[in-house]
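J.: Quick one: sequence and predicted model below, then my questions.
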Amino acid sequence: MSDFRDSAPSAETVFLRTYSRRKEDGTRENFREAMLRTVNDLAEIGKFSADEYKLVAEQALAQHAFPSGRAFWVAGTEWGKKQENFSGYYNCTSTHMVDLEAFGLLVDLAMQGSGTGAILEQEVIDELPEVSAAINIVRVNPIGTKPGDPDTKLFTTDNQSILIVGDSRNGWVKAYQDLIYLAYYSKDTVELTIDLSNVRPAGERLKGFGGTANPIKLETMFRKVADLLNGAVGRKLTTVEACLLIDEAATCIVAGNIRRSAGMRQFSELDQEARFAKLGLYTQDEAGNWRVDPKKEALRMANHTRCYHTRPTYEEVESAVRLQFDSGEGAIQYVPEAVARANRDILNTASRKQEFLKTYIEQGRDAAKALLRVFRKGLDERELQHRIDRYGLNPCGEIIGRDFHCNLAEVHLNTIDPEDYDAQRDAFAAAGLQVAALLQHKFIHERYQYSRDIDPIVGVSFTGLFDFFVHAFGYDWLKWMMDGRPEGRAANYFEPKEKNYLHIWQVAATSAVKGYCLKHGLREPNRVTTVQPAGTKSLLTGASSGWHPPKAQRFIRRITLGVKDPLVPSLIEYGYNVIPAQSARDDEGNLLDDITDPRVQEVLVEIPTEVSWANLPGCDEFDLNKLPVTAQWGLYMQVQKHYTQHNTSATIELRENEIQTLSLLIDESIRNGTGYISAALLARFDANETFPRLPFEPITKKQYDLAILPRQIVAQSDDRSLLDILKKFDSEEWSIESVAGCTNAACEAKADKDEAAGIAAKV
């Protein structure tokens with residue numbers, strides 16, 4: 001039997017792929033074991049009382065309140081107990097790139113799995129020195145020819161240098177940092193030999209963090225970093241060059257099996273080079289073949305945002321919306337609102353906040369900074385500067401601060417009864433305790449610990465809001481949303497009810513954090529609540545992501561796996577269809593269809609999915625792909641105004657005829673100071689068949705019933721969980737060829753489904 005809800009068919013796959021660690025006997029954790037490992041660790045760090053532990057454990061095991069995905073992975077390990085690894089618990093970080101050491105810090109954070117935000121505004125980058133010397137890489141000794149030494153060593157005689165790269169995270173970070181230092185602190189051209197012989201070859205297991213080594217991009221990274229620095233000899237880096245310096249390392253880290261890319265890069269509003277940096281990244285020749293610019297390719301590792309310290313004009317807002325619609329890039333951040341929210345403890349009345357915003361916009365940052373000192377006597381210059389700089393964003397844009405680490409927890413509203421207010425309060429209180437526990441951490445790097453000391457922040461998020469409101473209000477609310485949330489009787493009825501829920505949840509979360517901090521003598525965070533994108537963890541309960549609507553009432557969810565992952569044969573035996581991923585193509589660029597083809601390195605498992613409210617009366621008659629931009633904006637701003645104290649991560653989908661409408665809404669919010677900071681915008685498209693093998697493919701109820709048939713047939717005769725099946729393939733030799741041509745009930749059911757679909761297509 002599965003540990004997860006029937007409404008979350010992707011949960012087992014995602015859990016086993018992403019969160020389940022191997023135990024000492026080599027088998028994988030089940031959900032209860034993984035969650036108790038995480039909760040027990042948080043309880044130890046946070047010094048929970050018996051009652052606190054009981055609440056957190058109950059809410060986590062019931063899948064009402066989950067700790068962060070990072071904690072779910074590293075908690076309870078020996079690796080996670082070491083102070084130098086504490087950053088591995090945190091999804092969210094941001095760093096002002098004011099010195100050369102910051103570059104190495106970002107690499108260290110990324111290698112621990114943290115998302116990395118970086119402030120790269122011109123005035124920040126101008127604090128860096130000039131590049132003084134060129135680096136000529138004369139030789140690179142190959143990987144893995146000697147036993148691994150974890151330490152990096154640099155030997156320099158005159159202009160001859162040897163960089164011996166250590167076989168460890170610290171070794172990679174130091175080697176990257178040493179290369180930068182050579183360019184900045186040497187006087188003449190450096191003739192450099194890079195020795196990779198100590199670095200373990202691809203495929204060897206990473207003992208501490210988990211996963212396997214893959215240093216395939218390490219040499220390329222060193223060469224590209226050297227080329228970047230060589231191009232800037234005698235001057236300072238440009239903002240885009242500084243960005244590439246970070247992102248070349250990110251490319252290497254992703255290839256090294258550490259984690260996916262997760263980066264945010266913030267530039268000045270007037271930085272035109274940065275504004276258009278990603279345009280032309282991909283080009284297509286006359287034959288239709290796509291080419292990526294090798295010098296700019298690494299820019300795809302992060303999202304780019306422009307920081308507006310002034311109030312943008314309507315024309316600037318519309319231009320930004322149109323640019324995002326056309327390219328997916330060009331987001332703007334309204335900095336004054338971010339800084340105001342990040343100083344909630346000082347700007348603690350509506351009049352103070354409005355005075356601050358007016359001063360910031362009309363007189364500038366220095367005047368706004370001086371006003372903070374008027375409102376709060378005795379602030380020293382460092383804290384004052386920190387306060388005015390609290391507009392750094394994490395990769396998904398939901399956390400604001402400077403040089404921060406922010407811990408997240410997430411309430412899954414779709415698992416809670418809308419009429420059970422006590423259950424809702426318990427879930428948010430538990431999430432508050434989950435995030436507060438890590439306030440006990442002390443960081444080894446002074447800039448991060450200083451930020452923790454004067455501005456401790458946490459993030460209690462939720463997911464499944466759309467599902468929750470459909471269950472709470474039914475068909476009438478959904479119809480009002482599909483109509484664009486127009487003013488009138490429905491708005492007068494539903495908006496106060498939405499606001500009431502959001503307020504209850506905010507109070508429950510902040511009260512729990514406040515009580516915990518008071519008990520332990522910790523400084524209370526002035527920002528507790530946020531909404532993250534909640535992509536992967538949402539699949540554990542089948543929640544619609546964050547506040548967003550689901551893609552459809554019924555859809556095929558495709559999840560990527562490596563072709564050699566033992567989950568692949570397990571999923572086939574479990575009754576799911578597995579196909580090659582989009583990356584699997586022949587020499588002419590055609591998609592491959594056979595998962596046994598040696599050119600296939602990644603596969604997709606296709607999981608038919610039905611949202612929990614799909615069969616409520618009337619609720620499946622709407623096409624959610626046609627949800628108006630006004631409805632998305634209205635729900636998003638309800639959350640932003642009545643729940644969120646940081647920022648609300650949002651991806652608003654729109655069509656071309658909605659560009660002006662959304663631009664007007666954003667402009668109005670900025671002018672009236674109603675809470676907008678930033679949001680991602682994405683052009684809608686309807687032609688699913690034009691883009692095959694997408695992560696989501698909407699389907700009809702009839703298609704869903706056919707697609708789910710193979711899994712239902714297997715379940716009728718075999719009550720094993722996916723984990724039970726996986727044990728066989730985890731412990732035995734197998735080949736993809738041995739399972740691709742299976743003849744079990746699932747395969748026969750798939751053949752029946754294909755035949756039925758073929759008959760249906762002919763009639």
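T.: Received the coordinates, thanks.

J.: Helices along the stretch 251-400 of the chain, start to end?
T.: Secondary structure of the stretch 251-400 of the chain (DSSP state H, counting those that start in this stretch): helices located at 272-275, 314-327, 335-342, 350-363, 365-375, 381-388.

J.: what sits up against the shortest one?
T.: Contact partners of helix 272-275, identified using CB atoms under 8 Å, 6 or more residues apart in numbering, comprise 120, 238-240, 243, 267-268, 304, 306, 330. Heads up, the C-betas are built off the backbone N, CA and C, glycines and all.

J.: Could you list the buried residues of it?
T.: Using 16 or more other CB atoms under 10 Å as the test for burial, helix 272-275 gives 274-275.

J.: do the fourth one as well
T.: Within helix 350-363, the residues scored as buried using 16+ other CB under 10 Å are 352-353, 355-357, 359-361.

J.: elements contacting it?
T.: helix 335-342, helix 365-375 (3 or more CB pairs under 8 Å, 6 or more residues apart in numbering; DSSP states H and E).

J.: could the helices of the stretch 251-400 of the chain go into CSV alongside distance to Ile595?
T.: As requested, the helices of the stretch 251-400 of the chain are exported to CSV (distance: least, CB to CB, whole Å):
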stretch, distance to Ile595
helix 272-275, 41
helix 314-327, 34
helix 335-342, 46
helix 350-363, 56
helix 365-375, 56
helix 381-388, 53
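
J.: helix or strand right after the longest helix anywhere in the chain?
T.: The residue-count maximum for a helix in the chain (DSSP state H) belongs to helix 489-520. Later in the chain than helix 489-520, the nearest helix or strand by DSSP states H and E is strand 554-562.

J.: Now do the SS call for Ser94.
T.: Put simply, Ser94 is strand when judged by DSSP: H, G, I helix; E, B strand; the rest coil.

J.: cool, and Val605?
T.: Under three-state DSSP, Val605 comes out as strand.

J.: how many neighbours does it have?
T.: Each residue near Val605 was counted by other CB atoms under 10 Å, and the total is 23.

J.: Same question for Phe375.
T.: Residues lying near Phe375 (other CB under 10 Å) number 16.

J.: And for Lys82?
T.: Using other CB under 10 Å, Lys82 is surrounded by 12 other residues.

J.: Now for this protein, the helix or strand with the poorest mean pLDDT.
T.: Lowest on mean pLDDT, DSSP states H and E among the helices and strands of the chain sits helix 745-762, with a mean of 44.

J.: I'd like the distance between Ala8 and Tyr636.
T.: According to CB to CB, to the nearest Å, Ala8 stands 24 Å off from Tyr636.

J.: If I look at Ala679, what pLDDT would I see?
T.: Per-residue confidence (pLDDT) for Ala679: 94.

J.: Spatially, what comes nearest to it if we skip its sequence neighbours?
T.: Distance criterion CB to CB, 6 or more residues apart in numbering; nearest residue to Ala679, sequence neighbours excluded, is Ala650 at 4.0 Å.

J.: wouldn't the one you found be in contact with Tyr636 here?
T.: Yes - the pair Ala650 and Tyr636 passes the contact test of CB atoms under 8 Å, sitting 4.9 Å apart.

J.: on that earlier part again, looking at the helices of the stretch 251-400 of the chain, which is nearest to Ile194?
T.: Closest approach to Ile194 among those is made by helix 272-275 (30.2 Å; CB to CB).

J.: How many residues are close by the residue lying closest to Ile454 once chain neighbours are set aside?
T.: Leaving out its chain neighbours, the residue that sits closest to Ile454 by CB to CB, 6+ apart is Glu383, at 5.4 Å. By the measure other CB under 10 Å, the count of residues near Glu383 is 17.

J.: Test my guess that Glu383 contacts Asp453.
T.: No - between Glu383 and Asp453 there is no contact under CB under 8 Å: 9.7 Å.

J.: Return the per-residue confidence for the residue nearest to Gly280 when sequence neighbours are not counted.
T.: Nearest non-adjacent residue to Gly280, counting by CB to CB, 6+ apart: Asp293, 6.6 Å away. Asp293 is assigned 78 on the pLDDT scale.

J.: you'd agree Asp293 is up against Ala277?
T.: No - Asp293 lies out of contact with Ala277 (CB under 8 Å); the separation is 10.5 Å.

J.: out of these two, which sits in the more crowded spot?
T.: A count of neighbours by other CB under 10 Å puts Ala277 above the other of Asp293 and Ala277, at 21 against 12.

J.: In contact with Gly474, which residues?
T.: Taking CB under 8 Å, 6+ apart, we find Gly474 in contact with 616-617, 619.

J.: Ok, Phe31 next?
T.: Applying CB under 8 Å, 6+ apart to Phe31 gives the contacts 3-4, 15, 20.

J.: Which of those residues fall in strands?
T.: Judged by DSSP state E, strands contain none of these.

J.: among those residues, who's most crowded?
T.: Neighbour counts for the contacts of Phe31 (other CB under 10 Å) peak at Phe15, which has 27 neighbours.

J.: Hmm, that residue is touching Phe4, no?
T.: Yes - assessed by CB under 8 Å, Phe15 is found in contact with Phe4 at 7.4 Å.

J.: Name the residues contacting each of those two.
T.: Overlap of the contact sets of Phe15 and Phe4 (by CB under 8 Å, 6+ apart) consists of 31, 540.

J.: Could you chop the protein up by domain?
T.: 11-89+405-540, 129-235, 557-610+700-762 (automatic domain parsing).

J.: of all those domains, which lies closest to Leu323?
T.: Leu323 sits nearest to domain 11-89+405-540 of all the domains of the chain, at 21.3 Å, using CB to CB.

J.: Any idea how far apart the tips of the closest one sit?
T.: Domain 11-89+405-540 has its terminal residues 4 Å apart, counting by CA to CA, to the nearest Å.

J.: now swap in stretch 336-356 and tell me
T.: 8 Å.

J.: quick one: average pLDDT of that stretch?
T.: Mean pLDDT, stretch 336-356: 97.

J.: Outside of that stretch itself, list whatever touches it.
T.: Contact with stretch 336-356 is made by 309, 311, 357, 360-361, 368, 371-372, 375-376, 387-388, 390-391, 393, 400-401, 455, 526-527, 645-647, 670, 673, 675-678, as judged by CB under 8 Å, 6+ apart.
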